[in-house]
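Colleague: using only what follows, build the 3D model:
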Amino acid sequence: MAEVIIMPTRAEAGALVADEIARGIRANPEFVLGLATGSTPLPVYEALRASLDGVDVSQVRGFALDEYVGLDPAHPESYRSVITREVVEPLGLDPARVRVPDGSLARIAHAGELYDAAILDAGGVDLQILGIGTDGHIGFNEPGSSFASRTRVKTLTAQTRDDNARFFASPAEVPMHCITQGLGTILEARHLVLLAFGAGKAAALAAAVEGPVTASVPGSAIQLHPHVTVIVDEEAASELDHVDYYRYAYANKPAWQGL
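Modeller: Residues are numbered from 1 along each chain as shown. Next up, the predicted model:
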């Protein structure tokens, strides 16, 4: 069973994760951070500005989970732009050490293989931040994705495109394809931290954390990982069956364990 931590607010959830990341960087200046995009991880990135104050981040590496295929990297909603705007610049990371999958049409045929090789060359991801989609996807691994999958091109579901339309001028502008770390790639990170906020994520979260392990709910792959921390607000936790136990376990957690 994954550790589930229920926090009163998104800001407090973000601060908890930020403090863990800062602790990891202090212990290992070449810390490798797995970066998610979208609105869910924003409280973490905002809190990191304070948590990393005075911490040397010059050697920190970052790897984004995914990117749209065929979208100009300069487009404000490309994940290259989002990561630069929300993570690299505010935290003072070295842009050359933060990578995003290459979604260019000219190089897409081999982009997944090269990205997995780059993660391996960096020594693997120390802490991977994850969100979860309303259909249970993590990264852009849509329902039906193999648990052994590597970084590759996927076709986005209509539901995911609808969910992401809020970032674009119109739904028609949301790309049809993406390149995403596979579930197999994600599961190789040493620590997975999955965040979920709001009632709209409650059903997907419950299925991922407490339901059967199934490709129909890609997020359920986290149950196969030895070190997973799920951090949610009260609304996202509303459909979990074992809420009382999660609260009890966290209240009695040894301080030395960290996240």
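Colleague: separation between Asp102 and Ala118?
Modeller: As judged by C-beta to C-beta, to the nearest Å, Asp102 and Ala118 stand 10 Å apart. From N, CA and C alone the C-beta is placed, and that goes for glycine too.
Colleague: which of those two has more neighbours?
Modeller: Comparing Asp102 with Ala118 by other C-beta atoms under 10 Å, the one with more neighbours is Asp102, at 18 against 14.
Colleague: list the residues that contact the more buried one.
Modeller: With contact taken as C-beta atoms under 8 Å, 6 or more residues apart in numbering, Asp102 is in contact with Glu67, Ile108, Ala111, Leu114, Tyr115, Ile179.
Colleague: in TSV: these, plus secondary structure and pLDDT.
Modeller: As requested, the contacts of Asp102 are exported to TSV (DSSP: H, G, I helix; E, B strand; the rest coil; pLDDT from 0 to 100):
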residue	secondary structure	pLDDT
Glu67	strand	97
Ile108	helix	95
Ala111	helix	97
Leu114	helix	98
Tyr115	helix	98
Ile179	strand	97
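Colleague: in PyMOL, how would I select the buried members of the residues you listed?
Modeller: Listed next is the PyMOL selection for buried residues among the contacts of Asp102, using 16 or more other C-beta atoms under 10 Å:
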select buried, resi 67+108+111+115+179
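Colleague: in the contacts of Asp102, find the pair that's most separated.
Modeller: The span of the contacts of Asp102, defined through C-beta to C-beta, is set by Glu67 and Leu114 at 12.9 Å.
Colleague: so the closest residue in space to Pro41 that isn't next to it in sequence: helix, strand or coil?
Modeller: Spatial nearest neighbour of Pro41, chain neighbours left out: Ile129 (5.1 Å); criterion: C-beta to C-beta, 6 or more residues apart in numbering. Judged by DSSP: H, G, I helix; E, B strand; the rest coil, the three-state class of Ile129 is strand.
Colleague: so where do the helices sit in the stretch 51-200 of the chain?
Modeller: Secondary structure of the stretch 51-200 of the chain, counting by DSSP state H, counting those that start in this stretch: helices at 79-83, 89-91, 108-121, 158-164, 183-186.
Colleague: just say which of those helices is most tucked in.
Modeller: Mean neighbour count (mean count of other C-beta atoms under 10 Å) peaks for helix 183-186 among the helices of the stretch 51-200 of the chain, with a mean of 24.
Colleague: output the contacting helices and strands for that helix.
Modeller: Where contact means 3 or more C-beta pairs under 8 Å, 6 or more residues apart in numbering; DSSP states H and E, helix 183-186 is not packed against any helix or strand.
Colleague: residue nearest the centroid of this structure?
Modeller: Leu130 (2.3 Å; C-alpha atoms, centre = their mean).
Colleague: ok, it - contacts?
Modeller: With contact set as C-beta under 8 Å, 6+ apart, Leu130 has these partners: Gly34, Ala36, Leu65, Ile138, Gly139, Ile186, Leu192, Val193, Leu194, Leu195, Gly219, Ile222.
Colleague: quick check: the farthest pair among the residues you listed?
Modeller: Taking C-beta to C-beta as the measure, those span a maximum distance of 15.2 Å, between Gly34 and Gly219.
Colleague: excluding chain neighbours, what is closest to the residue nearest to the centre of the chain?
Modeller: Excluding its sequence neighbours, the residue lying closest to Leu130 (C-beta to C-beta, 6+ apart) is Leu194, at 4.4 Å.
Colleague: from what I can see that neighbour touches His225, true?
Modeller: No. The criterion here is C-beta atoms under 8 Å, and Leu194 misses it with His225 at 9.9 Å.
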